[in-house]
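Undergrad: quick check, what structure comes out for this input:
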Amino acid sequence: MSFADHKKFIDEGDTVILYCTVSKMYAIDVLSQIRNKKGDMIENVFQTDFGALKVKTLIGQQYGSKVELSKGWCFVLQATPELWTQTLPHRTQIIYTPDISMILFQLDIKPGSVVIESGTGSGSLSHYFIRAVKPTGHLHTFDFHEGRTQQARDEFKSHGIDNFVTVYHRDVCELGFKDELNGCADAVFLDLPAPQIAVPHALKALKDSGGRFCSFSPCIEQSQRCCEALALHGFVEIQSMEILQIEDVVKIKTIPVLDLEFVKHKVS
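TA: Take a look at the predicted model:
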């Protein structure tokens, strides 16, 4: 339950991040024993590129501790939405931190906000929403795939954040959001193949005093159709954005000094 609050020491049942290198991180459930393929309980040993880790040895250690392995060492970190995004099991394609930061900013998500999300997918963005709305807000997240919704519920409960989220198995394009959610949302977020179909349902879900809407689309045609639907239903200040992450590189360059003596002499 390490997502819920800041902790100093690792308890059994926590989800931790084993940080080996910037490109080698693992999410581990701290359980002394697990079931093998035959259903028997065995000692939980996690294999990494740097050697095997007996997971029970993590219990009681301080977060940030250095863990010695047979071929090197790693750090054991408390899970955060940013680290979870890099290590989670992919059930669908996910949204990454650069885009997520802009989504949270533009939707003005803050403690106490009520947010509606569709679809849940792998739950990457959901963890950011939950952290932002705690402790008095709530996330309502929808997905049409029953298996994914149950996996998301299990993860949220395992991470200790299920009090701040409700997961629904529902096709919002066909059925809309739940009637009891009409007029209660501060923000609606869609990550759907045809978001324009869900725009009327999003309008019903937003508060009468107003709210914010965001749709994430990988194709410009999806964005165009969504913008047309938003304008048709009275949304204002519609913007399309693309987030590009560029690394700043500092280089040393020698510039020659020009000889300007010739400008002192008049041309005869």
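Undergrad: what is the host helix or strand of L18 packed up against?
TA: If you go by DSSP states H and E, L18 is part of strand 15-21. In terms of contacts (3 or more C-beta pairs under 8 Å, 6 or more residues apart in numbering; DSSP states H and E), strand 15-21 is packed against strand 24-29, strand 45-48, strand 72-78, helix 81-87. No exception for glycine: its C-beta is placed from N, CA and C like everyone else's.
Undergrad: present the ones you listed as JSON lines; the columns should include distance to N182.
TA: Formatted as JSON lines, the helices and strands packed on strand 15-21 follow (distance: least, C-beta to C-beta, whole Å):
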{"stretch": "strand 24-29", "distance to N182": "37"}
{"stretch": "strand 45-48", "distance to N182": "46"}
{"stretch": "strand 72-78", "distance to N182": "38"}
{"stretch": "helix 81-87", "distance to N182": "29"}
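Undergrad: mind checking which of these is nearest F9?
TA: The closest of these to F9 is strand 72-78. By C-beta to C-beta, the value is 10.2 Å.
Undergrad: now the strand holding L18: average pLDDT?
TA: Strand 15-21 shows a mean pLDDT of 96.
Undergrad: before we move on, what about stretch 174-193?
TA: According to the model, stretch 174-193 has a mean pLDDT of 97.
Undergrad: pLDDT score for I116?
TA: 99.
Undergrad: now the element after the helix or strand where it lies, going C-ward?
TA: With elements taken from DSSP H and E, the one containing I116 is strand 114-118. Scanning forward in sequence from strand 114-118 by DSSP H and E, the next helix or strand is helix 124-133.
Undergrad: rewinding a little: quick one: closest of the helices and strands packed on strand 15-21 to S122.
TA: Nearest of these (C-beta to C-beta): helix 81-87, 9.0 Å.
Undergrad: what does the closest one contact?
TA: 3, 15, 17, 19, 25-27, 77, 94, 96-97, 100, 124, 127-128, 131 (C-beta atoms under 8 Å, 6 or more residues apart in numbering).
Undergrad: which residue ranges of the stretch 101-250 of the chain form strands?
TA: 114-118, 138-143, 165-169, 187-190, 212-215 (DSSP state E, counting those that start in this stretch).
Undergrad: so what strands line up beside the helix or strand of the chain with the lowest mean pLDDT?
TA: Ranked by mean pLDDT, DSSP states H and E, the helix or strand of the chain with the weakest confidence is strand 33-35, at a mean of 91. Applying DSSP bridges, strand 33-35 is found paired with strand 41-43 (antiparallel).
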